[in-house]
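# can you look at this prediction? I've put the sequence above it.
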Amino acid sequence: MFLEPHFKGQRSGWIEVVCGAMFSGKTEELIRRLKRASFAHQKVVIFKPSIDVRYADKEVVSHDKNAMLAIPVKHSSEILTYVTDEMVIGVDEAQFFDNELVEVCQKLALSGKRVVVAGLDMDFTGQPFGPIPALLAVSEYITKVHPICVHCGNLATHSYRLTAEKSKVMLGEKESYEPRCRKCYSMGNIIDFSHKISKAKLE
Ligand code: ZN
């Protein structure tokens, strides 16, 4: 489990990235870190891209309904206009932000803020997603979280899309995806078919 570093006389802040596939608990981990800071009377704030309207407008909601209020912003540069005396800045669903998010996070860290960024490391095609790869390069601390492959029980790395929808940004229901390990992901819809066959045999 990630434990916050303690620096005496630290003159700048730092960047933490929490990334992984869908259903890995990224948002829960972001919320856990910010709630701990909040209990210690540190002022916190969370931002999310306004594209993410799956749940209540101003809340970062994880799948288990653990929620914190978040400010929806269209462009990452808006984050700088909102931040004042907050010590800890959270960014959820960071993969949907523009690439300027990297510079924004670095500015915040340099001004003494602790920045916690959560996002998908790969899109459904298995490619690095949005500003996440660059954020990994410039961050001080990286936590990769993994769900469990629904087919074989190994650690999952990929978000497998169960529909034929091709667009990269599809904020559908979680039923449209399942976590898979590298091997089961590479087998694609062969697994879907075998799934249906074994289900048909049972019925
Ligand atoms: Zn698997």
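That came through fine.

# which SS state does residue 183 fall under?
helix (DSSP: H, G, I helix; E, B strand; the rest coil).

# my guess is it contacts residue 156, does it?
No - distance between residue 183 and residue 156: 10.3 Å, which falls outside the contact criterion (CB atoms under 8 Å). (C-beta placed from N, C-alpha, C; glycine too.)

# between the two, which one's more packed in?
Applying other CB atoms under 10 Å to residue 183 and residue 156 shows that residue 156 carries more neighbours, namely 26 against 13.

# what about the closest residue in space to residue 130 that isn't next to it in sequence, how many residues nearby?
Spatial nearest neighbour of residue 130, chain neighbours left out: residue 95 (4.2 Å); criterion: CB to CB, 6 or more residues apart in numbering. Close neighbours of residue 95, defined as other CB under 10 Å, add up to 23.

# count of neighbours near the residue nearest to residue 185 when sequence neighbours are not counted?
In space, residue 185 comes closest to residue 158 once its chain neighbours are excluded; the distance is 3.9 Å by CB to CB, 6+ apart. Residue 158 is surrounded by 25 other residues when neighbours are defined as other CB under 10 Å.

# before we move on, what about residue 72?
For residue 72, the count of nearby residues is 16 (other CB under 10 Å).

# distance check, the nearest residue to it once chain neighbours are set aside against residue 125.
Once flanking residues are discounted, residue 72 sits nearest to residue 50: 3.9 Å by CB to CB, 6+ apart. When CB to CB, to the nearest Å is applied, the distance between residue 50 and residue 125 equals 24 Å.

# what helix or strand is the residue positioned nearest the centre of the chain on?
Residue closest to the mean C-alpha point of the chain, counted by CA atoms, centre = their mean, is residue 119 at 2.3 Å. Under the criterion of DSSP states H and E, residue 119 resides in strand 114-120.

# try residue 89
Under the criterion DSSP H and E, the helix or strand holding residue 89 is strand 88-91.

# what's in contact with the following helix or strand past that strand?
If you walk from strand 88-91 toward the C-terminus, the next helix or strand you reach (DSSP H and E) is helix 101-110. Contacts of helix 101-110 from elsewhere in the structure, counted by CB atoms under 8 Å, 6 or more residues apart in numbering, are 12-15, 76-77, 79-80, 83, 89, 91, 94, 115, 117, 131, 134-135, 138-139.

# just the CA coordinates of the helix or strand just after the strand holding residue 119, formatted as CSV?
Moving toward the C-terminus from strand 114-120, the next helix or strand (DSSP H and E) is helix 132-138. The C-alpha atoms that make up helix 132-138 are tabulated as CSV, following Å, rounded to 0.1, in the frame of the first residue of the first chain:
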residue,chain,number,x,y,z
ILE,A,132,-0.9,9.1,-18.8
PRO,A,133,2.4,7.9,-20.4
ALA,A,134,3.9,11.3,-20.1
LEU,A,135,2.6,11.7,-16.6
LEU,A,136,4.3,8.4,-15.7
ALA,A,137,7.6,9.8,-17.0
VAL,A,138,7.5,13.0,-14.9
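
# in the following helix or strand past helix 132-138, what's buried?
The first helix or strand that comes after helix 132-138 along the chain, using DSSP H and E, is strand 141-145. Neighbour-count burial for strand 141-145, with 16 or more other CB atoms under 10 Å as criterion, is recorded at 143, 145.
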